[in-house]
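In: Predicted model follows, preceded by the sequence.
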Amino acid sequence: MKKTHVAALILAALVAIGPADAASSGSPAADILGMRLGMTSAEITTALNASGLRFQVREIRSTLRELPGAAFLGSIHAMRNGGDVRSDEIRVDFPPPPHEPRAVLITRLVQYPVDSGPLTREVAAAMESKYGSNRLIDDRYANAASLRLAWIDTPAGTRILDKSSKCPKGHWSPRSNEGHAFFNHTQFVEGCGLTIIANFRGGDPGTPRAPMVSGFWTTIVDYAVLQQQIRQTRTYVEQQIQGGAKARGTPQL
């Protein structure tokens, strides 16, 4: 009964916002617990509170290395423990100047106590209901608890279904001190846009009859937008450095 209740809770959380239209590739409505790319910090916090999952939320300030005085909201970190999960951790990254502080990456890691997670295939089905059935799937572990799903669009909004695509398919760390989207030395691949990744891990692949999730990551990021913003920030930093040098004038000669 307890396991059934846990599964119901997580499936309800996944689909609470409603299923996505499978034909609407690149939809900005793609979300994790109601959090969407482009949201302000206040909107992100509101979505977290609306989930009813009682996260402890904190804002993390950051600075640009070259402009130590230009502090900005680097990320929002949310964490909860106990109840239906062992841990549930979320990080939402925001861009540095000159950009508005709107979410550029949302990532979540849910982990369960031993033998207390929902069924892998049920969670995967709920995600397909939410994000659409047109997705890439890593089916090397088709009969086990390990699984990876990917919804990847081009910048124009065309869904990528070619398994040989070089677009990133890995999850991002939700840790508050690891790998901010702007400073993680991302290797960008041209032609990759809005991307949703779901990675599952589970129990013993040798007992696939009822594989349960022991943990899963979900990440939403638009790589085309992120790449453009990083370029703009680099230009901004260079302009600020050059402007500061010009303002200092020349020494007495």
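Out: Nice, I can see it.

In: all helices for this protein, in order.
Out: Under the criterion DSSP state H, the chain contains helices at 2-15, 41-50, 120-131, 223-248.

In: So which bits of the longest one are buried?
Out: This means helix 223-248. Tyr223, Ala224, Val225, Leu226, Gln227, Gln229, Ile230, Thr233, Tyr236, Val237, Gln240 (16 or more other Cβ atoms under 10 Å). From N, CA and C alone the C-beta is placed, and that goes for glycine too.

In: what does the shortest one give?
Out: Within helix 41-50, the residues that qualify as buried are Ser41, Ile44, Thr45, Ala47, Leu48, counting by 16+ other Cβ under 10 Å.

In: just curious, which of the residues you listed is nearest to Glu66?
Out: Ser41 (23.9 Å; Cβ to Cβ).

In: With respect to Glu89, which of the helices of the chain lies nearest?
Out: helix 41-50 (12.0 Å).

In: contact partners of the closest one?
Out: Where contact means Cβ atoms under 8 Å, 6 or more residues apart in numbering, the residues beyond helix 41-50 that reach it are 31, 33-36, 39, 55, 57, 59, 73, 76, 78, 90, 92, 94, 101, 103.

In: quick one: low-confidence parts of the chain?
Out: Within the chain, the stretches with pLDDT under 70 are 1-29, 139-145, 203-210.

In: just checking, what's the longest strand in it?
Out: strand 67-82 (DSSP state E).

In: coming back round to it: could you dump the helices of the chain into JSON lines with distance to Cys167 added?
Out: As requested, the helices of the chain are arranged in JSON lines below (distance: least, Cβ to Cβ, whole Å):
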{"stretch": "helix 2-15", "distance to Cys167": "23"}
{"stretch": "helix 41-50", "distance to Cys167": "25"}
{"stretch": "helix 120-131", "distance to Cys167": "16"}
{"stretch": "helix 223-248", "distance to Cys167": "7"}
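
In: Minimum distance to Ser176: which of these has it?
Out: helix 41-50 (14.3 Å).

In: Distance from the chain centre to that closest one, please.
Out: Relative to the chain's own centre, helix 41-50 is displaced by 15 Å; criterion: Cα atoms, centre = their mean, to the nearest Å.

In: got it, and stretch 32-52?
Out: Taking Cα atoms, centre = their mean, one finds stretch 32-52 lying 13 Å from the centre of the chain it belongs to.

In: again, but for stretch 51-70
Out: Relative to the centre of its chain, stretch 51-70 is centred 15 Å away, using Cα atoms, centre = their mean.

In: still on that earlier bit, list the buried residues in the longest strand of the chain.
Out: Buried-residue list, strand 67-82, by 16+ other Cβ under 10 Å: Leu67, Leu73, Gly74, Ser75, Ile76, His77, Ala78, Arg80.

In: Okay, Thr45 and Arg148: tell me how far apart.
Out: Note on Thr45: its distance to Arg148, by Cβ to Cβ, to the nearest Å, is 30 Å.

In: whoops, I mixed them up, Tyr131
Out: Relative to Arg148, and taking Cβ to Cβ, Tyr131 is found at 14 Å.
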